[in-house]
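Student: Got a predicted model here, sequence first, then my questions.
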Amino acid sequence: MLRLNQVHAGYHSSEVLHGIDVELQQGEVVTLLGRNGMGKSTTINCIIGLLPIRSGSIEFDGIELQRLESYRIARLGIGLVPEQRHVFPNLTVTENLLVAAANYANSDNPWNLQRIYALFPRLADRKQHAGNQLSGGEQQMLAIARALMINPRLLILDEATEGLAPLICEEIWQVVHQLKQQGQSILIVDKNLHTLLQIADRYYLMEKGQVVGHGPAQQLATDQQLQTRYLGV
């Protein structure tokens with residue numbers, strides 16, 4: 001479904017990604033792992049069109065993304081849950097959801113308000129509250145729900161549990177697990193290694209803008225030496 005081939009990218013005169021290769025198949029949950037500053041968010045920015053690549057290619061279902069604007073990439077069926085959430089502060093929960101509503105993937109059972117509120121009962125209780133009246137955890141749920149409202153074929157989560165209380169993190173991971181069971185393709189960047197490796201199918205390890213390892217998630221879960229070397233855990 002998604003293929004990055006020898007992607008080089010960076011900011012101004014600095015190159016951040018040095019020829020990375022990443023693949024994700026339909027229905028898979030894949031995670032990008034690495035310490036801070038290793039190129040994970042830069043990789044996501046390249047996929048969604050916020051950062052032009054310098055060379056290489058990015059394909060989504062055979063369509064090259066590197067020459068497309070971000071809104072066209074979204075319409076192909078890629079939904080992003082950005083780091084720091086970026087909900088619309090002056091819109092209600094319902095308005096935040098409706099502003100993103102679309103069915104770009106022509107799903108037979110599209111995400112709508114009813115399905116979203118069943119998935120996130122907290123949002124149903126707060127649906128008339130403005131985005132800036134929500135807690136950090138509720139804003140994160142809203143960011144995930146908003147991405148689902150475009151009915152994405154690929155959902156990208158960038159640090160979805162960062163800075164959240166353990167109980168909220170548990171709720172979010174339960175939602176991710178439900179989405180996986182429903183066949184949702186997901187690319188995740190997160191630091192919650194223990195839970196993440198229980199959900200993910202495969203992993204890619206990044207260091208200094210390069211992929212230095214990849215394989216089944218369960219393999220990494222049992223390799224303490226590899227975790228210590230590249231993740232510092």
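Tutor: Yep, that arrived.

Student: Next SSE downstream of the top helix by length along the chain?
Tutor: Assignment by DSSP state H gives helix 166-181 as the longest helix of the chain. Later in the chain than helix 166-181, the nearest helix or strand by DSSP states H and E is strand 185-189.

Student: which helices and strands does that next one pack with?
Tutor: strand 29-33, helix 40-47, strand 154-158, helix 166-181 (3 or more CB pairs under 8 Å, 6 or more residues apart in numbering; DSSP states H and E). Placement of C-beta: from N, CA and C, glycine included.

Student: Tell me which of those sits nearest to Gln114.
Tutor: Across these, Gln114 has its closest neighbour in helix 166-181 (15.7 Å, CB to CB).

Student: Just the buried residues of stretch 207-215, please?
Tutor: Buried residues in stretch 207-215, counted by 16 or more other CB atoms under 10 Å: Glu207, Gly209, Val211, Gly213, His214.

Student: So for it, mean pLDDT?
Tutor: Averaging pLDDT along stretch 207-215 gives 96.

Student: Looking at the buried residues of stretch 207-215, which is nearest Pro89?
Tutor: Of the buried residues of stretch 207-215, the one sitting nearest to Pro89 (CB to CB) turns out to be Gly209, at 33.8 Å.

Student: isn't the closest one right up against Glu15?
Tutor: Yes: here Gly209 lies in contact with Glu15, judged by CB atoms under 8 Å, at a distance of 7.1 Å.

Student: could I get the buried residues of stretch 207-215 as a markdown table with secondary structure?
Tutor: Conversion of the buried residues of stretch 207-215 to a markdown table gives the following (DSSP: H, G, I helix; E, B strand; the rest coil):
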| residue | secondary structure |
| --- | --- |
| Glu207 | strand |
| Gly209 | coil |
| Val211 | strand |
| Gly213 | strand |
| His214 | strand |
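
Student: Just want the angle from the longest helix of the chain to strand 185-189.
Tutor: 150 degrees (axes from the mean of the first three to the mean of the last three CA atoms, to 10 degrees).
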